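Undergrad: no sequence on this one, just coordinates:
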């Protein structure tokens with residue numbers, strides 16, 4: 001194999017600690033580039049995909065033949081021997097790139113001087129150069145070792161060795177000024193250089209590691225020419241006579257050219273500095289906001305701690321507490337013997353204690369009612385007798401769940417029989433784009449399709465020019481199965497292009513999406529088709545989990561049913577996704593410009609055309625947690641989140657939504673901001689009875705809101721304290737008096753009858769707004785025609801959630817508060833709820849409230865669908 005062909009790689013721009021990534025990023029987009037020594041063109045391809053026009057000089061003919069498909073012009077030859085003036089004539093470049101090339105040259109000084117003439121004004125040289133002072137080399141030298149290798153720092157084809165100081169000298173003496181240094185860092189025991197860590201005392205290792213460049217594997221430099229006059233002498237001044245060269249006009253021309261060059265350099269440096277300043281300012285602003293928020297939290301906590309400390313001291317000093325403490329010491333040992341932890345008797349004892357607390361604090365009738373309702377739910381009562389799993393983490397509990405719900409041979413036979421008896425049995429085509437997976441993982445993915453208990457399927461695979469050994473051979477092996485179709489791409493084009501190529505093979509009524517290293521559960525297609533027999537949806541998604549490096553299934557994601565607002569907050573549907581094929585074709589399949597979030601972009605475009613979205617409430621798909629994948633870390637592919645934001649922005653435009661997309665507090669979450677209606681009046685209704693202290697804080701926070709188009713209506717339900725009456729007299733607000741029995745819904749209706757606003761804001765008197773823009777945030781959604789009621793998260797003073805929406809239907813008659821506990825980030829999102837609690841803040845439209853004759857006073861909950 002020729003030397004040039006041994007240098008092959010894939011440029012992954014998400015890997016920032018990589019010289020290929022840095023060279024591509026520092027080049028930028030839409031530049032004219034001369035790449036010296038492209039080898040097989042892996043960087044060339046990445047540059048071309050970013051709009052750059054690339055010419056190349058490559059000494060190895062075999063490598064040049066491969067790279068030529070990615071560039072506009074290929075010159076085969078040694079840069080040290082090529083006549084650059086004759087070859088390029090008047091052609092000039094924005095960037096001349098030496099990616100791990102200078103160390104291979106006999107005379108890099110002369111080459112750098114020669115390329116001066118090839119640079120446009122403002123043009124620069126980019127180079128990556130291995131560091132011979134890396135700790136792995138130094139440690140081997142201490143041991144008397146210096147062995148050349150096929151690749152890496154001691155590549156046997158290297159003719160020159162560089163440290164930082166020699167790199168600086170090289171560029172300085174050849175007429176360049178280095179304006180940017182970057183380092184590729186690598187641990188000394190993780191390189192291709194064999195270093196035995198056990199051979200060195202700890203103090204030697206510590207001393208070597210403290211070297212200024214001991215971890216620097218490669219230097220990345222960006223350098224501008226500092227004297228353009230000599231550059232042009234190579235290409236033009238020799239054409240002038242001695243008298244002409246000394247003339248004032250020619251001298252002025254050289255000076256003008258040099259000024260233009262320096263202006264270009266200054267402009268590039270200024271742009272780079274402005275970008276850095278903007279980023280630093282944004283980070284500083286975010287940190288200041290976070291510091292202010294944390295200071296508020298700390299102050300609240302300190303106040304709470306102070307109050308609780310006082311109460312605790314009072315309680316502990318009481319006679320009753322001392323008697324209770326002595327009695328507890330006598331009772332505790334017998335309780336442990338009679339009712340051990342996690343036993344049925346202990347749980348019954350705890351329930352009895354809870355009932356006694358309820359009876360003492362809220363009355364015997366309330367305790368009795370809760371006890372009677374508890375036994376109405378057989379499933380809950382049954383679970384009550386089981387040992388507690390709360391001490392186990394999620395993955396441990398999920399392991400038990402998997403064991404209880406495993407597909408046994410008997411279950412598999414039953415599913416097969418049920419699948420065969422379905423009335424509607426559509427063909428499902430599974431689309432798999434493939435690029436360089438581990439062959440064993442690809443085999444697992446394919447076998448998970450072949451092992452489906454529903455048999456009417458087709459597997460469509462597009463290999464995107466994989467180079468990893470074993471991948472093509474494995475695909476050829478599986479092509480023997482008539483249900484499996486494979487197409488081989490001539491060159492790597494990215495995941496969207498490969499997905500479209502696989503999609504072109506599909507002939508099923510539906511298509512399902514599977515990544516090349518993930519797996520389907522054996523009942524995946526059966527569960528999808530079973531749901532399609534209930535209703536022929538256009539789009540179906542399922543729950544999912546992950547497989548960790550040890551092979552365990554972990555991190556289950558049990559998803560909510562379809563919620564467009566939640567999908568606008570994050571791509572929660574992900575896998576397993578199954579679409580009606582005709583609809584995917586109508587929207588144009590996958591789009592290359594959204595690579596990394598191409599699935600999200602497709603889901604958004606499909607759901608713009610249909611609302612028939614179904615959810616299989618079972619885990620049907622397992623992601624593999626590969627290092628560097630999204631399954632392993634949400635920060636693995638930052639470019640994917642930019643693509644997702646772009647997909648959301650375009651979706652808003654297509655839907656005609658007057659709004660914009662903001663990034664959420666964590667990666668992968670977004671917030672759609674809707675433009676608030678101008679001058680809409682918000683009528684705020686606050687029922688109250690005495691407790692002037694609470695009401696005063698509520699009103700103070702309300703008046704600090706940034707939205708000023710509000711009227712405040714206080715419904716006074718029989719207050720008798722003078723402090724409350726004085727407060728109501730002192731405020732600019734409307735007071736409606738009602739001396740009847742307290743009924744929240746009736747009081748709201750009384751207040752609504754006096755309201756003049758376009759929207760109603762229902763507010764308890766003990767609510768304090770945290771953010772000044774909270775009314776705008778609720779108006780954003782209340783104005784939407786499909787929204788009837790908007791609720792906000794309600795927190796205790798400690799920051800713990802009190803209300804986050806209400807779930808209906810659990811146990812038949814039960815309505816329970818949703819506490820996401822930040823389940824997979826849901827607390828950061830907007831979603832649809834069946835009901836909202838009366839204690840939270842709600843914002844119904846005036847027209848909605850009037851159309852339904854106000855809020856019913858027979859129940860104490862506002863319900864919307």
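TA: Good, I have the coordinates. Please read these numbers as outputs of a predicted model, since none were measured by experiment. Residues are numbered from 1 along each chain as shown.
Undergrad: residue 790 against residue 781, yeah?
TA: Yes. If you go by C-beta atoms under 8 Å, residue 790 and residue 781 touch, sitting 4.7 Å apart. Bear in mind the C-beta positions are built from the backbone N, C-alpha and C, glycine included.
Undergrad: out of these two, which sits in the busier spot?
TA: Under the criterion of other C-beta atoms under 10 Å, the comparison of residue 790 against residue 781 puts residue 790 first, with 23 against 17.
Undergrad: how far away is the more buried one from residue 467?
TA: Counting by C-beta to C-beta, to the nearest Å, the gap from residue 790 to residue 467 is 53 Å.
Undergrad: flag the shaky bits of the stretch 301-450 of the chain, pLDDT-wise.
TA: Within the stretch 301-450 of the chain, the stretches falling below the threshold (pLDDT under 70) are 303, 307, 310-311, 313-314, 316-392.
Undergrad: quick check, central residue of this protein?
TA: residue 668 (2.4 Å; C-alpha atoms, centre = their mean).
Undergrad: and the strands in the stretch 1-150 of the chain?
TA: 32-36, 53-58, 73-76, 93-99, 119-130 (DSSP state E, counting those that start in this stretch).
Undergrad: residue 43 against residue 98, yeah?
TA: No. When contacts are counted by C-beta under 8 Å, residue 43 is not listed as touching residue 98 (11.1 Å).
Undergrad: quick one, which of those two is more surrounded?
TA: The residue with more neighbours, out of residue 43 and residue 98 and counting by other C-beta under 10 Å, is residue 43; that gives 29 against 25.
Undergrad: OK, contacts around the more buried one?
TA: Going by C-beta atoms under 8 Å, 6 or more residues apart in numbering, residue 43 touches 11, 20, 23-24, 35, 97, 99.
Undergrad: any idea how far it lies from residue 397?
TA: With distances defined as C-beta to C-beta, the gap from residue 43 to residue 397 amounts to 47 Å.
Undergrad: possible to save the strands of the stretch 1-150 of the chain as TSV with mean pLDDT and distance to residue 477?
TA: Supplementary listing: these in TSV, determined by pLDDT from 0 to 100; distance: least, C-beta to C-beta, whole Å:
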stretch	mean pLDDT	distance to residue 477
strand 32-36	96	38
strand 53-58	96	36
strand 73-76	95	36
strand 93-99	95	37
strand 119-130	94	39
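Undergrad: can you lay out those as a markdown table showing distance to residue 747?
TA: Compiled in a markdown table, these are given as follows (distance: least, C-beta to C-beta, whole Å):
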| stretch | distance to residue 747 |
| --- | --- |
| strand 32-36 | 72 |
| strand 53-58 | 72 |
| strand 73-76 | 80 |
| strand 93-99 | 71 |
| strand 119-130 | 71 |
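Undergrad: of all the ones you listed, which one comes closest to residue 284?
TA: strand 119-130 (29.4 Å; C-beta to C-beta).
Undergrad: could you pull out the strands for the stretch 401-550 of the chain?
TA: With DSSP E, counting those that start in this stretch, the ranges of strands along the stretch 401-550 of the chain come out as 428-434, 457-463, 484-488, 510-513, 519-520, 539-547.
Undergrad: what's the burial count for the closest residue in space to residue 799 that isn't next to it in sequence?
TA: Spatially, and ignoring its direct neighbours in sequence, residue 799 is nearest to residue 297 (6.6 Å; C-beta to C-beta, 6 or more residues apart in numbering). Residue 297 has 12 neighbouring residues, counting by other C-beta under 10 Å.
Undergrad: and if you look at residue 705?
TA: Neighbour tally, residue 705, other C-beta under 10 Å: 17.
Undergrad: separation between it and residue 756?
TA: Going from residue 705 to residue 756 by C-beta to C-beta gives 18 Å.
Undergrad: tell me how far the residue lying closest to residue 433 once chain neighbours are set aside lies from residue 428.
TA: With C-beta to C-beta, 6+ apart as the criterion, residue 433 has its nearest non-adjacent residue at 3.5 Å, and that residue is residue 498. With the distance defined as C-beta to C-beta, residue 498 ends up 19 Å from residue 428.
Undergrad: and what of residue 441?
TA: Distance of residue 441 to residue 428, computed by C-beta to C-beta: 22 Å.
Undergrad: equivalent analysis for residue 765, please.
TA: The span separating residue 765 from residue 428 equals 56 Å under the rule C-beta to C-beta.
Undergrad: who has more neighbours, the two?
TA: Set side by side, residue 765 and residue 428 show more neighbours around residue 428, with 25 against 22, by other C-beta under 10 Å.
Undergrad: looking at strand pairing, list the partners for the more buried one.
TA: residue 457, residue 510 (DSSP bridges).
Undergrad: check contacts around residue 687.
TA: Residues in contact with residue 687, defined by C-beta under 8 Å, 6+ apart, are 714-715, 717, 744, 747-748, 751, 764-765.
Undergrad: give me the pLDDT value at residue 150.
TA: At residue 150, the model reports a pLDDT of 76.
Undergrad: pretty sure it is touching residue 156, no?
TA: Yes. Using C-beta under 8 Å, residue 150 is in contact with residue 156, at 6.7 Å.
Undergrad: low pLDDT regions in the stretch 1-150 of the chain?
TA: Those would be 1-8, if you go by pLDDT under 70 across the stretch 1-150 of the chain.
Undergrad: quick one, the strand or helix carrying residue 623 and strand 539-547 angle?
TA: Under the assignment given by DSSP states H and E, the secondary-structure element containing residue 623 is strand 613-624. Using axes from the mean of the first three to the mean of the last three C-alpha atoms, to 10 degrees, one finds that strand 613-624 and strand 539-547 are set 20 degrees apart in direction.
Undergrad: what number of residues lie near the closest residue to residue 727 other than its chain neighbours?
TA: The spatial neighbour of residue 727 that comes closest, neighbours along the chain excluded (C-beta to C-beta, 6+ apart), is residue 692 at 4.7 Å. The tally of other residues near residue 692 (other C-beta under 10 Å) stands at 18.
Undergrad: SS state for residue 685?
TA: Three states are possible here, and by DSSP: H, G, I helix; E, B strand; the rest coil the one that applies to residue 685 is strand.
Undergrad: helix or strand: which one has the nearest residue to it once chain neighbours are set aside?
TA: Residue nearest to residue 685 in three dimensions, not counting chain neighbours: residue 751, with 3.5 Å by C-beta to C-beta, 6+ apart. When secondary structure is defined using DSSP H and E, the element that contains residue 751 is helix 744-753.
Undergrad: that helix - contacts with which helices or strands?
TA: Using 3 or more C-beta pairs under 8 Å, 6 or more residues apart in numbering; DSSP states H and E as the contact test, the elements touching helix 744-753 are strand 682-688, strand 710-716.
Undergrad: immediately after it, which helix or strand?
TA: Proceeding C-terminally, helix 744-753 gives way to strand 759-762 as the next helix or strand, assigned by DSSP H and E.
Undergrad: for that following strand, what is the average pLDDT?
TA: Along strand 759-762, the predicted confidence averages to a pLDDT of 88.
Undergrad: beyond that strand, next helix or strand please.
TA: Moving toward the C-terminus from strand 759-762, the next helix or strand (DSSP H and E) is helix 774-782.
Undergrad: check which helices and strands that following helix sits against.
TA: Helix 774-782 is packed against strand 670-674, strand 759-762, with contacts defined by 3+ C-beta pairs under 8 Å, 6+ apart.
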